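A.B. asks: Predicted model and sequence below, questions to follow.
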Amino acid sequence: MTRTDATDVPYPDAQLHFGVFFQGVNHWTIWSDPASGSQIDPASYRRVAQTAERGLFDAFFLGEGLRLREVDGKIHDLDVAGRPDAITQLAALAAVTEKIGLVSTSNTTFNEATDLARRLSGLDLLSAGRAGWNVVTTDNAWTGANFRRGGYLDHADRYLRAEQFLTVARALWDGWADGAIAGSTDAPAWSAPGSVTRVREHTAQFDVDLAPTLPRSAQGHPVIFQAGDSAEGRDFAARNADVIFSAHGTEFDDALAFADDIRNRLRAAGRPSDDLRILPGTEIIIGATEAEAEEKRRWIRFSQVTPATALNVAGLLWNLDLTDRDADGPLPAEDPVIAENSGAFGSRRIADPRETVARWRAQAEANHWSLRETVIALGPQRGHQGTPAGLAEKFLHFARHGAVDGFNITPYLIPDGLDDIVNLLVPELQERGGYRTEYSGSTLREHLGLREPLTRRATATSRQAG
Amino acid sequence: MPTPLHLTLEIDGDGAHPAAWRRAAHPPEALLTPHRVRAVAAIAENAGFTLVTLDDEALPPGRAPDPVGRIGAVERAAFIAASTSVLGIAPVISTTYAEPFHTSSQLASLDHISIGRAGWVVAESAAPESARAWGRPLVDGPAARAGEARDSVRVTRELWDSWEDDAVIRDVATSRYLDADQLHYIDFTGETFAVKGPAIVPRPPQGQLVVFAPDGLVPAEQVDVALVAGRDVDALRRASTGTPLTFAELEVALDTPTDTAAERVADLDRLAGWPDRGRLRYTGGADGLVRLLTELAPLVDGVRLHPLVLDEDLAVLSRLVLPALLRARTIARPVPGASLRTTFGLHRPTNRFADRLTPAGDAR
């Protein structure tokens, strides 16, 4: 493999940023291996976060659960499940880590804005400016069945609510003047008079009136992450986010097209085109040789996609109960059943089952794949595999051409799945000048090289819109 | 040997007095920092307290010129859980406006993080301003708030049981991670909300966290520890809570090497009054407090201390009061590895959803 020529690329100084996504659900986390640890033991979280910190990662990232997944009215029992409340777990990790960012996925539909903003603010203070918030929305009554409001929100309103939610949160985070709290017990008052501004928001989604109870952290606001891939989601990110997760990080052309699209949307939103970090989610499989990496990939995929999981994944696509079929046999002969609701909740929907099934059939036939092999080959898991040096070259090629700013890595094993990446890949990247050799800052915003929070910039751009 | 008195410390802010910050050993700007949270917990753990509690509310803790900032109790509690090893930790979560599902998840997570050292201090939000701070319709009147507290505690407890202890089976042969038969919908429907379940968090290590509540807020059968106010020892003696354990609330101001307790109280009272919450209050020397706690030991199961100024009173408690009580075996340090329930002598509850049929092959 040729070395990337660092002088003939659009972003020769690009530095890769890594995050780690400790997944609480999905079959990508292998649990059947003897090396697989507990998904709820605090030691697992500590181990992954501290390994990531040793590898100078920007962020440790947790997903959110609001209801256990179901298939046909039964709780889905094939995959890892059962996870902690994200902010609570991250507040604990703040005590046992020093530098790494701590990012919570938190829902704008089934939280109240003032409550969640305060919890994130607390995490931000306890971590001395390392908090992040991955903003997610949902709208379904199925999730709402666990909450006071039930399924109250129309699909069309979920980003509207998210946007108004952010407005409330930012107003709270901006509610205290800098240096509001006294520096001495002899001061006239604990906080300077007039330094705390009440927040009053009366919008379609929120009716709040309160005095914020927390000052800004060392990084100003928690860093805002967003993962939506629809046009609406991308525009939401372009208007609001500091970091975007994506599923566009495997193929270079696809990654670059996504990044260019985001840069265009940023400019349209009146922001500099480098105002947002692009961190696609990925799995990274490392071998001493390409052949070893390929062998490892096969082992990982067959561990992830057991016969039962293959039948479940295919069942979601066909919208049929396939549990009594043979996963090592051919694809189901039937056409997929097209229905409004698939009976599966909490799993990703497949946009066009007929087209997908036709593609699966053609590929399975051409390659003589069984159903399980087809699920493995064509399923949604995306990743990179290779030697440490080969992966380092590839990732720097991506970064130096502006296709990504880094990756949010999903380990396939908990809690040791990051070890190879930190021990083998990171040094290769460092040797090539594409990865930090120490933390230069102490906040998540500094790690990511981000500007001030959007509402804290002394410009008139936001006022022009009004 | 009699059961030791469970000595508990409330560690919110700078102390129980609204103007406590004036006598704090740190500048106001150091209050909302990780260093401060960690340091207070470490002192409490080293001193031999069984438990710390952390007050909370969506509204500011005080009015200017006194402190108006506070980090959420659950976040502080989780941070403390990861920085301590034997100390019990119980945050306040108010039930009036919070989502019971989130409350349950947060507390179960805290119990996992602390490996079974967590409790919950149930509270209500009486001020109408709380509704506006949350952006929720006002829950008006004591009866409505009590209804929210009752239903929230019930739902929270049911969610903790919605995973049986062995629901994670990791059965490679059948490729099943979970045993769905050991997961339970709670299907709760109350007057103001409904919750389907099951929880997203596996059953807490203690099965059920230790639930504390002010006497009378929640039906006694839902509570492990009633927190009882009362201006004198006789009032505490008469308390009949119907709960497994009863803790007395005790506000304390102690003599320090430089000032008497009375002088310290007077100093702060010049700036702001120390509100009367109907609790027993002790002002004086360490010896007298040791005598009072020794007198209370046979009457109640525990005492929660609310020090006038944490930085001043906690130093005296650590140096003089707890050592004397430990020597006299009036109190005992928590045993490493013991859950909070075990420390309190509470059994680990069976799961309300677990199959109650006698298994085949059981001799009984």
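C.D. replies: Right, received. Where do you want to start? Numbers count the residues shown, from 1 in each chain, chains lettered A, B, ... in the order given.

A.B. asks: quick one: stretch B:343-356 near chain A?
C.D. replies: No - contact of stretch B:343-356 with chain A (CB under 8 Å from any CB of the partner chain) is absent, the minimum separation being 13.4 Å. Yep, even glycine has a C-beta here, placed from its N, CA and C like the rest.

A.B. asks: Now do that stretch, average pLDDT.
C.D. replies: Average pLDDT, stretch B:343-356: 91.

A.B. asks: Repeat that for stretch B:69-81.
C.D. replies: Mean per-residue pLDDT for stretch B:69-81: 98.

A.B. asks: repeat for stretch B:303-312
C.D. replies: pLDDT averaged over stretch B:303-312 gives 98.

A.B. asks: How many neighbouring residues does A:Gly270 have?
C.D. replies: By other CB atoms under 10 Å in any protein chain shown, 14 other residues sit near A:Gly270.

A.B. asks: Tell me which helix or strand A:Gly132 sits in.
C.D. replies: Using DSSP states H and E, the element containing A:Gly132 is strand A:131-136.

A.B. asks: ignore the last one, A:Ala43
C.D. replies: Using DSSP H and E, A:Ala43 falls in helix A:42-54.

A.B. asks: for B:Ile89, same thing?
C.D. replies: strand B:88-94.

A.B. asks: residues in contact with that strand?
C.D. replies: B:8, B:41, B:50-58, B:73-74, B:76-77, B:80-81, B:103, B:106-107, B:110, B:114, B:117-125, B:130, B:210, B:212, B:334, B:340, B:343 (CB atoms under 8 Å, 6 or more residues apart in numbering or on different chains).

A.B. asks: just to revisit the earlier point, please compute how far whatever helix or strand comes next after the helix holding A:Ala43 lies from its chain's middle.
C.D. replies: Following helix A:42-54 in sequence order, the next helix or strand is strand A:59-62 (DSSP H and E). From the chain centre to the centre of strand A:59-62 is a distance of 8 Å (CA atoms, centre = their mean, to the nearest Å).

A.B. asks: Is chain B within reach of strand A:59-62?
C.D. replies: No - Strand A:59-62 is not in contact with chain B by CB under 8 Å from any CB; minimum separation 10.7 Å.

A.B. asks: on that earlier part again, check whether the strand holding A:Gly132 contacts chain B.
C.D. replies: No - when contact is scored as CB under 8 Å from any CB, no part of strand A:131-136 falls within range of chain B; the minimum is 10.0 Å.

A.B. asks: Export stretch A:364-383 to CSV, keeping only CA atoms.
C.D. replies: Extracted in CSV, the C-alpha atoms of stretch A:364-383 (Å, rounded to 0.1, in the frame of the first residue of the first chain):
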residue,chain,number,x,y,z
ALA,A,364,-27.2,-15.5,-2.6
GLU,A,365,-27.8,-17.4,-5.9
ALA,A,366,-24.6,-16.0,-7.5
ASN,A,367,-22.5,-16.8,-4.5
HIS,A,368,-24.2,-20.0,-3.4
TRP,A,369,-24.8,-18.5,0.1
SER,A,370,-27.1,-19.9,2.7
LEU,A,371,-29.5,-17.6,4.5
ARG,A,372,-27.1,-17.1,7.3
GLU,A,373,-24.2,-16.3,5.0
THR,A,374,-26.4,-13.9,3.1
VAL,A,375,-27.4,-12.1,6.4
ILE,A,376,-23.7,-11.9,7.2
ALA,A,377,-22.6,-10.6,3.8
LEU,A,378,-25.5,-8.2,3.2
GLY,A,379,-26.6,-7.2,6.7
PRO,A,380,-26.2,-3.7,7.9
GLN,A,381,-23.0,-4.1,9.9
ARG,A,382,-20.2,-1.8,8.5
GLY,A,383,-16.6,-1.9,9.4
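
A.B. asks: Pull the distance from that stretch to the chain's centre.
C.D. replies: 25 Å.

A.B. asks: do stretch A:437-451 as well
C.D. replies: On CA atoms, centre = their mean, the centre of stretch A:437-451 falls 18 Å from that of its chain.

A.B. asks: got the buried residues for that stretch?
C.D. replies: Going by neighbour count (16 or more other CB atoms under 10 Å in any protein chain shown), the buried part of stretch A:437-451 is A:Tyr439, A:Ser442, A:Thr443, A:Leu444, A:Arg445, A:Glu446, A:His447, A:Leu448, A:Leu450.

A.B. asks: what's the answer for stretch B:348-358, then?
C.D. replies: Quick answer for stretch B:348-358 (16+ other CB under 10 Å): B:Asn351, B:Phe353.

A.B. asks: cool, stretch B:327-342 as well?
C.D. replies: B:Thr330, B:Ile331, B:Ala332, B:Arg333, B:Pro334, B:Ser339, B:Leu340, B:Arg341.

A.B. asks: For the spatially most central residue of chain A, list each beta-bridge partner.
C.D. replies: Taking CA atoms, centre = their mean as the criterion, A:Phe245 is the residue nearest the geometric centre of chain A, at 5.3 Å. Beta-bridge partners for A:Phe245, by DSSP bridges, are A:Leu279.

A.B. asks: tell me the contacts of it?
C.D. replies: A:Asn134, A:Phe225, A:Gln226, A:Ala227, A:Leu279, A:Pro280, A:Gly281, A:Asn408.

A.B. asks: same question for stretch A:81-91, mean pLDDT?
C.D. replies: The model assigns stretch A:81-91 a mean pLDDT of 97.
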